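Asks: Predicted model and sequence below, questions to follow.
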Amino acid sequence: MHGVWVLGCLCLGLALAWADPQINLPTPRPEVYYNGYTPNVATTPAQLRADRDRDQRYGPPYSDGGGGGNTDDGLDDFRLGQTNDERQRIGYAYPSPRLNFSDTPFSGDRYANHNYGPVSSSTDRGFVNPNGRFSDVPYATQGERNFNPNEQYNYNNNPNVEFVGLNNRSPYGNPFLSNQDRFNLNQGYLERQRYQQDRRYQQELEKLRTLLVESDQKGSLECTANVAAQWNFETNVNDFTQTEALNAQQRYVEFQRITAEQSKQINKDLIFDRRLYRQLMLQSEVGPNALPLDVLDRYNRLLNEMLFLYNSAGICAYQQPYQCDLHYIPHLKDIMAKSRDWDELQHTWVEFHRKAGRGMRDSYEQLIDVMQEVANVNNVTNGGEYWYLAYESGNFRQDMDIVWEQIRPLYESLHAYVRRKLRDYYGPDRINRIAPIPSHILGNMYGQSWSNVLDILIPYPGRKLIDVTPRMVEQGYTPQLMFQLAEEFFTSINMSAVGPEFYRNSILEQPLDRRVLCEPSAWDFCNRHDFRVKICTDINQRSLISVHHEMAHIQYFLQYRHLPKIFRNGANPAFHQAVGDAIGLSVSTPRHLQTLGLLQRSLDESSYDINYLFTMAIDKVAFLPFALSLDNWRYDVFSGNANKRAMNCHYWNMREKYSGIKPPVLRSEMDFDMGAKYHIPANIPYIKYFFSTVLQFQIYRSMCREAGQYVPGDPRKPLHKCDIYRQPAAGNILKKLMSKGASQPWQEVLEETLQEGRLDGTALREYFAPLEEWLRQENLRTNEYVGWNYDGDYCKRSIETAGLQVFGGYYNGGRAAGLSLLLLILPICTYFSLNLIVI
């Protein structure tokens, strides 16, 4: 009987061996958890801080967002749909039928690995021990098979090991807990060494490397075909190219989906090569596209419904009830920017938020449920954690709040000054000196940028801002000349020339024979040599800065083109934008414009400096709390920290907390004011704009220090006057940062290039230091209250309170509230009295 049993085992072993699976990595014993800090772990501080998983990101295009900054809310809203980059990372607004790629990497059993249990089902590595049994572990005796390396090597007693974790996490635990690291590979030293020395293990690992190379080549070809179709559509808009672009997107999404599903079948627990492990993990994640097809269709349908409501929202003009075809682009945006009529601005704000937002509330509540399913299929505990997954930090929200607290003193000084200037303009009966500012009078539908009311706010009205546009026209600037200047800027700092193919293939100005989508964007065709820009260049100063911004994206493509495709991206979603904006800070300085011969004389007067910095601050600094509150609100809603039935009020609480901004009228839970912002119905993350705005100053400061153009504490070399043109030392820092792509966590990239392992708001404070000191003195001179006091509820859950308006700055502050009710009741009584008299 015993002989029959042994013979049966031998036959089973041979049968399994003939199956010959190509990726047959042994399963460890004891089990190693890939997404947790484990016992006996010695990691670097950078790994402990940051080495975590992130959402998968793909290539082009990289949109400028408007002149290299966040100046214009309209320019970073993609009205014609999500950009190719956002669609591939966040999901598509249409169903994607499943396609059959017979030659897809990992397809079938050839590359699949199904070794989920503690013992492999295959005996391809079968070793026979003296007891006559097959074992996956190449040890001769039972005692050796049960050998526990932790009993022989106590890391807790090793003085060379500083960081030790706790091995109490399941393989599917929360990757965002503070002691977990999904890319941490320094686990079980002896266990790892044993498998690395196994010849068969090395053979299987080599097969995996070959497989990833094949997958990379196939993915690059699929990406090139998709990007080419998107380019054809955006540079020649018609029904045919649109259909081709949609079909190409569907094919590429399905390719990525299948690749990710089959990549998940590979047992990653025994991959100790950190770079290889990261490559495989990133390839395994596709965001919402990992959903089951029926749920993915529901997700896309919800986005389509909300985007339809947003795009079709039209209102009637103020005091013109028969003109009811006003849409955000171009009508309402123009009204909010140029009108100075309080009542017209309030009417426009209230009506657009009612038409655009209120109708999509039910769909968004359903989207919250779907986002929980997106989190589940991406091995994350909730939708909030998934929302910040791309930033590979267990405490990302808290980290961003810490950065904001570094910047908040500057913002509060700016806020106090702006509130006083607006109070002087509109009167103290409408703006209270210690209350938040009503959002509708800031020159923008969302209060995210205050640049459009510069005429009211400018510190020194007699000092004109620098504008070199007339000189550019006079000197015969052309779009190609502007790009050649941008190319020369980068070659002067020891970076790469773009070559003639770039100019031959790019669209630099509006063609006369066809319609082109003119939003500035840079394109990587995923083949390591074809890089393009699409921009309808105007001959003005803003376009000059935007051209340099787009060329920075092209330089990023050039520097990381040697990497596998999955790593050809920024270290996180904000890096591309931050690098482009950092270059813009240098190009916009008077010193650089002088070098180009566009400025005749140096403007060293402090009044010009203050006006220049103030103009930058009401764009960049004012934007930060809006971006942070918008995505922190989404984090709370997606994670369940905020109740669905109170989410509109929660949003206004966030706006008051971070921005000192309030709605012009009382809101209720009948409203859905966030829906009036494009990125909400499109479900596009916004925190990257906060991150990139802060990071650009961090990169800029490091380059300026290295170039000797900025010396802290030296008034002759302030940060805001630094120009890195013809400074190779600055370019070397940028090259090092760009060349890493996404091959390392962003914290490690910053640590190795800038010697700063985290996002830091002090660089922004240093840049605006002269303005902050001026604001401090100005607020003292006028005895202005710095900060704001909560002056009552801005949003109530009851329907009856919706739309109530109270002048004087307080919504429900006793006397003011009583006065407002009286003002509302009297006209009603008068109306009925007059009607009775007439009758």
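Replies: Happy to help now that I have it. Residues are numbered from 1 along each chain as shown.
Asks: which non-adjacent residue is nearest residue 660?
Replies: residue 788 (4.2 Å; Cβ to Cβ, 6 or more residues apart in numbering). To be clear about C-beta, it is placed using only N, CA and C from the backbone, and glycine gets the same treatment.
Asks: okay but that neighbour is in contact with residue 435, surely?
Replies: Yes - counting by Cβ atoms under 8 Å, residue 435 is a contact partner of residue 788 at 6.1 Å.
Asks: Which neighbours do the two have in common?
Replies: Counting by Cβ atoms under 8 Å, 6 or more residues apart in numbering, no residue touches both residue 788 and residue 435.
Asks: if we can go back for a sec, you'd agree the residue nearest to residue 660 is in a helix?
Replies: No - counting by DSSP: H, G, I helix; E, B strand; the rest coil, residue 788 is not part of a helix but coil.
Asks: Grab the longest helix from the protein for me.
Replies: In the chain, assigned by DSSP state H, the helix with the most residues is helix 199-234.
Asks: Show me what it is packed against.
Replies: Judged by 3 or more Cβ pairs under 8 Å, 6 or more residues apart in numbering; DSSP states H and E, helix 199-234 is in contact with helix 84-90, helix 239-263, helix 274-283, strand 521-524, strand 531-534.
Asks: Tabulate those (CSV), appending distance to residue 327.
Replies: Shown next, in CSV, are these (distance: least, Cβ to Cβ, whole Å):
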stretch, distance to residue 327
helix 84-90, 22
helix 239-263, 21
helix 274-283, 40
strand 521-524, 23
strand 531-534, 25
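Asks: between those, which one is nearest to residue 751?
Replies: Proximity to residue 751 (Cβ to Cβ) singles out helix 274-283 among these, at 15.6 Å.
Asks: Give the next helix or strand downstream of the closest one.
Replies: helix 293-312 (DSSP states H and E).
Asks: The residue positioned nearest the centre of the chain and residue 770, how far apart?
Replies: By Cα atoms, centre = their mean, the chain has its centre lying nearest to residue 688, at 2.8 Å. To residue 770, residue 688 is 29 Å away according to Cβ to Cβ, to the nearest Å.
Asks: And for residue 591?
Replies: Residue 591 is 16 Å from residue 770, where distance means Cβ to Cβ.
Asks: what about the two, which has more around it?
Replies: The residue with more neighbours, out of residue 591 and residue 770, is residue 770; 18 against 15, by other Cβ atoms under 10 Å.
Asks: these two touch, right, the more buried one and residue 610?
Replies: Yes - under the criterion of Cβ under 8 Å, residue 770 makes contact with residue 610 at 6.9 Å.
Asks: residues contacting the residue nearest to the centre of the chain?
Replies: Contacts for residue 688 (Cβ under 8 Å, 6+ apart) come out as 572, 573, 574, 577.
Asks: Which of the residues you listed fall within helices?
Replies: In helices, defined here by DSSP H, the members of the contacts of residue 688 are residue 577.
Asks: Quick one: which of the contacts of residue 688 is the most crowded by neighbours?
Replies: With neighbours taken as other Cβ under 10 Å, the top of those is residue 577, carrying 28 neighbours.
Asks: pLDDT score for it?
Replies: In this model, residue 577 is scored at 97, pLDDT.
Asks: and if you look at residue 11?
Replies: pLDDT, residue 11: 39.
Asks: Now do the same contact list for the closest residue to residue 242 other than its chain neighbours.
Replies: For residue 242, ignoring the flanking residues on the chain, the nearest one in space by Cβ to Cβ, 6+ apart is residue 233 at 5.5 Å. Contact analysis of residue 233 by Cβ under 8 Å, 6+ apart lists 241, 242, 244, 245.
Asks: any chance of those in CSV, plus neighbour count?
Replies: As requested, these are arranged in CSV below (neighbours: other Cβ atoms under 10 Å):
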residue, neighbour count
241, 18
242, 16
244, 16
245, 20
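Asks: Nearest to residue 586 among these?
Replies: In terms of Cβ to Cβ, no member of these lies closer to residue 586 than residue 245, at 35.7 Å.
Asks: Next, count neighbours for residue 293.
Replies: Other residues near residue 293 number 12, with proximity taken as other Cβ under 10 Å.
Asks: Start the count at 2 instead of 1 going forward.
Replies: Okay, residue one is now 2; in that scheme the one you just asked about reads as residue 294.
Asks: any low-confidence regions in the protein?
Replies: Residue ranges of the chain with pLDDT under 70: 2-198, 603-605, 799-840.
Asks: Can you report phi and psi for residue 494?
Replies: With angles defined as degrees, to the nearest 10, residue 494 sits at phi -110, psi 30.
Asks: ok, now how distant is the residue nearest to it when sequence neighbours are not counted from residue 545?
Replies: Nearest-residue entry for residue 494: residue 732, 2.9 Å, with adjacent residues in sequence omitted and distances by Cβ to Cβ, 6+ apart. Distance of residue 732 to residue 545, computed by Cβ to Cβ: 20 Å.
Asks: Over to residue 305?
Replies: 38 Å.
Asks: same question, residue 423
Replies: Plainly put, residue 423 is 32 Å away from residue 545 if you go by Cβ to Cβ.
Asks: list the buried ones in the helix or strand that contains residue 609?
Replies: Per DSSP H and E: residue 609 is located in helix 607-640. Using 16 or more other Cβ atoms under 10 Å as the test for burial, helix 607-640 gives 609-640.
Asks: swap in stretch 554-564?
Replies: 554, 555, 556, 557, 558, 559, 560, 561, 562, 564.
Asks: For the residue nearest to residue 661, list the residues it contacts.
Replies: By Cβ under 8 Å, 6+ apart, the neighbours of residue 789 are 416, 420, 435, 436, 437, 657, 661.
Asks: Settle this for me: the second one is touching residue 438, isn't it.
Replies: Yes - Residue 420 is in contact with residue 438 according to Cβ under 8 Å; the separation is 5.3 Å.
Asks: what do the two both touch?
Replies: Overlap of the contact sets of residue 420 and residue 438 (by Cβ under 8 Å, 6+ apart) consists of residue 432.
Asks: And for residue 426, the neighbour number?
Replies: Counted with other Cβ under 10 Å, residue 426 comes out at 16.
Asks: Please identify which helix or strand holds it.
Replies: Residue 426 belongs to helix 397-427, assigned by DSSP H and E.
Asks: for that helix, packing partners?
Replies: strand 438-439, helix 455-458, helix 607-640, helix 688-708, helix 763-768, helix 770-782.
Asks: Any chance of a markdown table for these, columns distance to residue 509?
Replies: Formatted as a markdown table, the helices and strands packed on helix 397-427 follow (distance: least, Cβ to Cβ, whole Å):
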| stretch | distance to residue 509 |
| --- | --- |
| strand 438-439 | 41 |
| helix 455-458 | 30 |
| helix 607-640 | 26 |
| helix 688-708 | 25 |
| helix 763-768 | 31 |
| helix 770-782 | 35 |
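Asks: so what's residue 518 closest to, chain neighbours aside?
Replies: For residue 518, ignoring the flanking residues on the chain, the nearest one in space by Cβ to Cβ, 6+ apart is residue 235 at 4.5 Å.
Asks: for residue 481, same thing?
Replies: Leaving aside its chain neighbours, residue 481 sits nearest to residue 509 (6.1 Å; criterion: Cβ to Cβ, 6+ apart).
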